[in-house]
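Q: Next one to model:
(2 chains)
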Amino acid sequence: MKRTLPLLLSAALILAFAQAAMSQQDIKSLAPQAFGKLTRPAAQFNHEQHNEKAGLTDCVVCHHGGADGKIDKSASTEGTPCADCHKVKAEGKNTSLMNAYHKQCIGCHKAKGKGPLACGQCHKR
Amino acid sequence: MNAAYQFVTGPLAWAAWGIFLLGSAYRLISMYQLAKAKDPTAIAYMSWHFSLRSIINWLIPFNALGWRKSPAMTIATFAFHACLFLTPIFLVAHVLLWDQAFGVSYATIPDGAADIMTLVVIAACLYFAGRRLVQPEVRYITTPQDWLALIIVLAPFLTGFLAYHQAIDYDAMIILHVVAGEIMLAAIPFTRLSHMVFAVFTRAYMGSEFGGVRHARDW
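A: Numbers count the residues shown, from 1 in each chain, chains lettered A, B, ... in the order given. This is a model prediction of the structure:
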């Protein structure tokens, strides 16, 4: 009994991580439920392949934290959906969900001179 | 691709808007000075009342005698001009670009409606072209300038439609579309499209002349 609890706990932890890793590897395109029915084809985003090709090893570049209108660029939040913090209809100066994606994705592609910029390059039919 | 896209949506877009706005101002000012030199009495006779009366009456479909004479052309021209203005201004993708560039955002029309309105513009362009080819009285007064204006207007809508549906080569089509739109903007002051800036003044002039001098309606 003394041994099974930590064993079970670590098994659960490993499973949780494995699942996160699995699902993150599984991402091929983005279609968060928060939008409801999408008006555009889901944006192409193969999580693993994208970050490998773009040389992104630091997860916090995209998975930042923050609360109450203040972004925290050092708190890593991988696994938390953007929609948990960014609302489809943002209040005041907060970044809406669509703008959060667009700013983050297009902003970096512009800065790097690589990666899609035009609507149809991400929202592929 | 990225360098080309950033060039046409950056410096080239600034240039097109600059040529459109400054060019239109230049054309209006030089036309005013020409009128002042050649036809000063007309300017003295300009009246708000008769001007607005003429403009408003011509804005109502089938109200003016000129509209009633050719019903098909009247329907085509009203549908064409309405869609020509509303579609690009209230298109979701265009409003998103204003938002991304300057943080300004406003009402949009659904993509499905914009798609149909784009087809209306394309169909109307084909109708205008057919009319210039087939109807002798129109064909007789058609100049290459008229064809140029028609092609300049058709191009951004045709390429926009193809880009939205990602037909043919999207990467090339989206750049063609942006450039076609910029050519249209820049061409407004210097082609037959200048009636966009002159139309209200033409109507005001006619309305004032008919109302104040001939004491008649001009519609």
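
Q: So which residues of chain A form helices?
A: Using DSSP state H, the helices of chain A run over A:4-26, A:47-53, A:97-112, A:119-122.

Q: Look up the pLDDT of residue 43 for me, please.
A: This is for chain A. pLDDT recorded at A:A43 is 97.

Q: Chain B is the one I meant
A: So B:I43 comes in at 80 (pLDDT).

Q: I'd guessed it sits against B:K36; true?
A: Yes - using C-beta atoms under 8 Å, B:I43 is in contact with B:K36, at 6.1 Å. (Glycine included, C-beta is placed from N, CA and C.)

Q: Surely B:A155 and B:E182 touch.
A: No - proximity of B:A155 to B:E182 does not meet the contact threshold set by C-beta under 8 Å, at 10.6 Å.

Q: So for the two, which sits in the more crowded spot?
A: For B:A155 versus B:E182, the count of surrounding residues by other C-beta atoms under 10 Å in any protein chain shown is larger for B:E182: 21 against 18.

Q: Could you measure from A:K89 over to A:H50?
A: 28 Å (C-beta to C-beta, to the nearest Å).

Q: Looking at these two now, which is surrounded by more residues?
A: In this view A:K89 and A:H50 are compared by other C-beta under 10 Å, and A:H50 has more residues nearby, 15 against 7.

Q: Show me what from chain B comes close to chain A.
A: Counting by C-beta under 8 Å from any C-beta of the partner chain, chain B comes close to chain A at B:2-3, B:5-6, B:92-93, B:96, B:99-100, B:110-111, B:163-166, B:170-171, B:174.

Q: ok, the closest residue to A:A54 other than its chain neighbours - contacts?
A: Distances taken as C-beta to C-beta, 6 or more residues apart in numbering or on different chains place A:G115 nearest to A:A54, at 7.0 Å, with adjacent residues excluded. If you count contacts by C-beta atoms under 8 Å, 6 or more residues apart in numbering or on different chains, A:G115 has them with A:A54, A:C105, A:C108, A:H109, B:N2.

Q: repeat that for 10 Å
A: With contact set as C-beta atoms under 10 Å, 6 or more residues apart in numbering or on different chains, A:G115 has these partners: A:H50, A:K53, A:A54, A:C105, A:I106, A:C108, A:H109, A:Q121, A:C122, B:N2.

Q: which one in these is the model shakiest on?
A: B:N2 (91).

Q: Please report how far it lies from B:D171.
A: 10 Å.

Q: Overlap in contacts, these two.
A: Shared contacts of B:N2 and B:D171, counting by C-beta under 10 Å, 6+ apart, come down to A:P116, A:A118, A:Q121.
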